[in-house]
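Asker: Have a look; sequence and predicted model below, questions after that.
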Amino acid sequence: MKIDDRTVGNLKQPFIIAELSGNHCGSLEEAKRMVKKAKECGADAIKLQSFKPDTITFNSSNSYFLLEKGITLHSAYEKFATPYEWYPEIFSLSKEVGIICFSSPFDEGAVDVLEQFESPAYKIASFELGHFPLVERIIKTGKPIIASVGMAQLDEIEDFMNLIRKHRYESKVALLKCTSVYPAPFDELNLRVLTELMKKYDIPIGFSDHSSGIEAAVGSVALGAAIIEKHFTLDKNNGGADSFMSLEPVEFAAMVAACNNVYKAVGSVRWGPTQSELASLKFKRSIFVVKDIKKGEIFTEEHIKVIRPGNGIHPKLFNTIIGKISLEDIDEGTPLSLRMIDQF
């Protein structure tokens, strides 16, 4: 599928997304620095989260709406939301520096807002996979959808895909394996799910990585992940929503480089020497004459030997040559060829 001018697919170079989340800590200038730095680190896209506290939760302090530290959900979302008033500058800056900017909307109204800025794609967060009114609103835009499937049973994923099929939208959908814990333990990432999703669905499959470090993201590319999403921060200690488990610029740049190198290393199925290996062919063994032999003489083990370089005939013919007659005078150090041997 196409996101802006970038083709995203299972055999393509991984499409790497820097998730800004609320790691801007309420500062537009910090958000703008993150956009620029994500581009410098090699990210293909930055992703926002689009919601208002009143549309994602309810302003209440009863036990259902309290977090562990006694903070209400409403106040937490209020603190870490990316104000819509920032969007003109963020989208404009993204175009200026040459990085794709899109978002995860959490309600239909957020889609309406994002459409004003020509968001080239939409992300469905794991927690919203079953939010079908939201999905259908995005489908109406005609834009690509990247959907995380963290926590989802296979039947829930199939329900989502049935909705996509109903609207004949398969060509514009990608799925991301995800473990929705922050940070996610390595032994709960289950990257093998990636290959199962690839078998089941003929669409781009990727990985939304909530683990610490870069190993899981890089490993997922070896398994064929077409998309990598990773949370990004300028400082793990800045108090941002997810900064503590996000990658700082040096780490993110290392992840991008490693993912791209692993993608190149996976390559394709082919046999024989690569272009770079052609110069090494001379170091293969072959049959050489190691003792002068006259025309009409019989080849013995004293006359020929399997050695480097590879200019002579294949070593598999060694025993066949023994006992054959030489058709010419051959000096020692000469690579043996079939034209020199009788009955070949």
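Answerer: Good, I have the coordinates.
Asker: starting at the chain centroid, how far to stretch 223-239?
Answerer: 12 Å (CA atoms, centre = their mean, to the nearest Å).
Asker: Kindly check the end-to-end length of it for me.
Answerer: Start to finish, the residues bounding stretch 223-239 are 34 Å apart (CA to CA, to the nearest Å).
Asker: Can you list the neighbours in contact with the longest helix along the chain?
Answerer: Counting by DSSP state H, the longest helix found in the chain is helix 249-266. Contacts to helix 249-266, defined as CB atoms under 8 Å, 6 or more residues apart in numbering, come from residues 13-14, 16, 18, 37-38, 40-43, 213-214, 217-218, 221-222, 224, 228, 230, 232, 234, 247. Every residue, glycine included, has its C-beta placed from N, CA and C.
Asker: Equivalent analysis for stretch 123-140, please.
Answerer: Residues outside stretch 123-140 that contact it (CB under 8 Å, 6+ apart): 47, 49, 102-108, 111, 122, 145-152, 156-157, 159-160, 163-164, 167, 169, 178, 180, 208, 229.
Asker: Just the buried subset of the residues you listed, please.
Answerer: 47, 49, 102-108, 111, 122, 145-150, 152, 157, 160, 164, 169, 178, 208, 229 (16 or more other CB atoms under 10 Å).
Asker: related to what we said a few turns ago, which of the contacts of helix 249-266 count as buried?
Answerer: Using 16+ other CB under 10 Å, the buried ones in the contacts of helix 249-266 are 13-14, 16, 18, 37-38, 41-43, 214, 217-218, 221, 224, 228, 230, 232, 234, 247.
Asker: Pull the number of nearby residues for His314.
Answerer: His314 has 12 neighbouring residues, counting by other CB atoms under 10 Å.
Asker: With Arg285 as the reference, measure out to it.
Answerer: Distance, His314 to Arg285, using CB to CB, to the nearest Å: 9 Å.
Asker: same deal with Ala125?
Answerer: For Ala125, the distance to Arg285 - CB to CB - is 59 Å.
Asker: more neighbours, those two?
Answerer: A side-by-side neighbour count of Ala125 and Arg285, using other CB under 10 Å, places Ala125 first with 20 against 14.
Asker: give me phi/psi at that one?
Answerer: Main-chain dihedrals, Ala125, degrees, to the nearest 10: phi -70, psi 150.
Asker: distance of it from Gln13?
Answerer: Distance of Ala125 to Gln13, computed by CB to CB: 25 Å.
Asker: Repeat that for Ala110.
Answerer: Distance of Ala110 to Gln13, computed by CB to CB: 30 Å.
Asker: gap between Glu156 and Ser243?
Answerer: Distance, Glu156 to Ser243, using CB to CB: 30 Å.
Asker: swap in Lys32?
Answerer: 17 Å.
Asker: out of the two, which sits in the busier spot?
Answerer: Higher neighbour count among Lys32 and Ser243: Ser243, with 22 against 18, using other CB under 10 Å.
Asker: what's near enough to touch the more buried one?
Answerer: Counting by CB under 8 Å, 6+ apart, Ser243 touches 23, 233, 235-237.
Asker: Please repeat the previous calculation with a cut-off of 7 Å.
Answerer: Neighbour list for Ser243: 23, 233, 235-236 [criterion: CB atoms under 7 Å, 6 or more residues apart in numbering].
Asker: Let's have these in CSV, adding distance to Arg6.
Answerer: CSV is the format used below for those (distance: CB to CB, whole Å):
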residue, distance to Arg6
Asn23, 24
Thr233, 24
Asp235, 29
Lys236, 29
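Asker: Between those, which sits nearest Glu302?
Answerer: Glu302 has its nearest neighbour among these in Lys236, at 71.4 Å by CB to CB.
Asker: Who's the closest spatial neighbour of that closest one, skipping the chain neighbours?
Answerer: Ser243 (5.3 Å; CB to CB, 6 or more residues apart in numbering).
Asker: Can you give me the separation between the one you found and Gly267?
Answerer: Relative to Gly267, Ser243 is positioned 36 Å away (CB to CB).
Asker: The nearest residue to Ala31 once chain neighbours are set aside in helix, strand or coil?
Answerer: In space, and not counting its chain neighbours, Ala31 is closest to His24: 3.8 Å by CB to CB, 6+ apart. Assigned with DSSP: H, G, I helix; E, B strand; the rest coil, His24 falls in the coil class.
Asker: Gly206 should be in a strand, yeah?
Answerer: Yes: Gly206 forms part of a strand when assessed by three-state DSSP.
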